[in-house]
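J.: Predicted model follows, preceded by the sequence.
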Amino acid sequence: MSIPTLTYGCTGCDSFCWSLMKHAGFYYLVEETRFQVYVEMGVCHQCTEIYPIEVFPEVAEIRQLKQTLETQRAQLFSEKAQHDQANQSLRWWQRKKDLPYALSQLNSSCEDIEKRVSNMEQTYNALSGRIALPKCLRCGSTEHTLFPSYQNTGNDKDFLGLKHPRCGGELIVINDGLRLNVKPAAIGFDIEANKL
Ligand SMILES: [Zn+2]
Ligand SMILES: [Zn+2]
């Protein structure tokens, strides 16, 4: 399955990184258990590469996800009840066994959020004794700048309003409809984000 991919680059040199790298499956390894590393794209001031930067899950974010989950579950529950009720008024050969498309979508969305909450909580707890600040996952530096979250403007190319520490060029994001079908290799770290 190909994934829509943004290209982060620089007007002054040929540095670039695909947003696909965010899905590389960075993980912390703690006593044989893997926990997801959360990342955002950014630029590192030490290695000067455009690369995923570690971010820590926050309580507010987890709480918000849980609220969304609660709302969606309530909606699922009530729509399913309506569906069952409508089905009961039909004769057996008219009844539909499968859930309507919208309901099954809602169901998988709930499952998806549930999994995200659980992963995020696990990482949050695993990081409870963490000492170092979030790091560049390429070189381990804590001196970096996260890119602003991408808003689709409809332009092929947008300026991020940041300069590339290596060459002083403007950092840009290119949204040219690129889709990639590669899965970057997973990279493991200890809980202080030192590469294993
Ligand atoms: Zn540059
Ligand atoms: Zn770096």
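T.: Looks like it came in fine. Numbering: from 1, shown residues only. Ligands and ions are numbered 1, 2, ... in the order given.

J.: can we go C-alpha only for contacts and neighbour counts from here?
T.: Will do.

J.: Beta-bridge partners for residue 50, please?
T.: Under DSSP bridges, the beta-bridge partners of residue 50 are residue 43.

J.: Neighbours of it, how many?
T.: Number of residues near residue 50 (other C-alpha atoms under 10 Å) recorded here: 27.

J.: Residue 134 now?
T.: Residue 134: 19 neighbours (other C-alpha under 10 Å).

J.: I'd like to know which elements the top helix by length along the chain is packed against.
T.: For the chain, the helix that runs over the most residues, judged by DSSP state H, is helix 59-88. Identification of packing neighbours for helix 59-88 by 3 or more C-alpha pairs under 8 Å, 6 or more residues apart in numbering; DSSP states H and E yields helix 101-126.

J.: other SSEs contacting the helix or strand following the helix it packs on?
T.: Of the helices and strands lying after helix 101-126 in sequence (DSSP states H and E), the nearest is strand 144-146. Applying 3+ C-alpha pairs under 8 Å, 6+ apart, one finds that strand 144-146 makes contact with strand 38-44.

J.: how about residue 139, what does it touch?
T.: 46, 47 (C-alpha atoms under 8 Å, 6 or more residues apart in numbering).

J.: gap between it and ligand 2?
T.: 4 Å (C-alpha to the ion, to the nearest Å).

J.: same deal with residue 149?
T.: 20 Å.

J.: Same check on residue 123?
T.: With C-alpha to the ion as the criterion, residue 123 and ligand 2 are 22 Å apart.

J.: Enumerate the residues of the protein near ligand 1.
T.: Contacts of the chain with ligand 1, taken as C-alpha under 5 Å from the ion, map to 10, 12, 13, 164, 167, 169.

J.: and the third one, how many neighbours?
T.: It refers to residue 13. There are 14 residues near residue 13, going by other C-alpha under 10 Å.

J.: Check the second one too.
T.: By other C-alpha under 10 Å, the residues close to residue 12 number 14.

J.: how about the nearest residue to it once chain neighbours are set aside, what does it touch?
T.: What sits nearest to residue 12 in space, not counting adjacent residues and going by C-alpha to C-alpha, 6 or more residues apart in numbering, is residue 169, at 4.2 Å. Applying C-alpha under 8 Å, 6+ apart, one finds that residue 169 lies in contact with 10, 11, 12, 13, 163.

J.: out of the residues you listed, which are inside helices?
T.: Short answer: these have none in helices (DSSP H).

J.: Make CSV from those and add pLDDT to it.
T.: Listed next are those as CSV, based on pLDDT from 0 to 100:
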residue, pLDDT
10, 98
11, 97
12, 97
13, 98
163, 97
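
J.: biggest separation within these, which pair?
T.: 13 and 163 (11.5 Å; C-alpha to C-alpha).

J.: Domain boundaries for the protein, per the record?
T.: 3-56+132-189, 61-123 (automatic domain parsing).

J.: any idea which of those is most buried?
T.: Burial of the domains of the chain is given as mean neighbour count (mean count of other C-alpha atoms under 10 Å); domain 3-56+132-189 ranks first at a mean of 17.

J.: I am finished for the moment; much appreciated.
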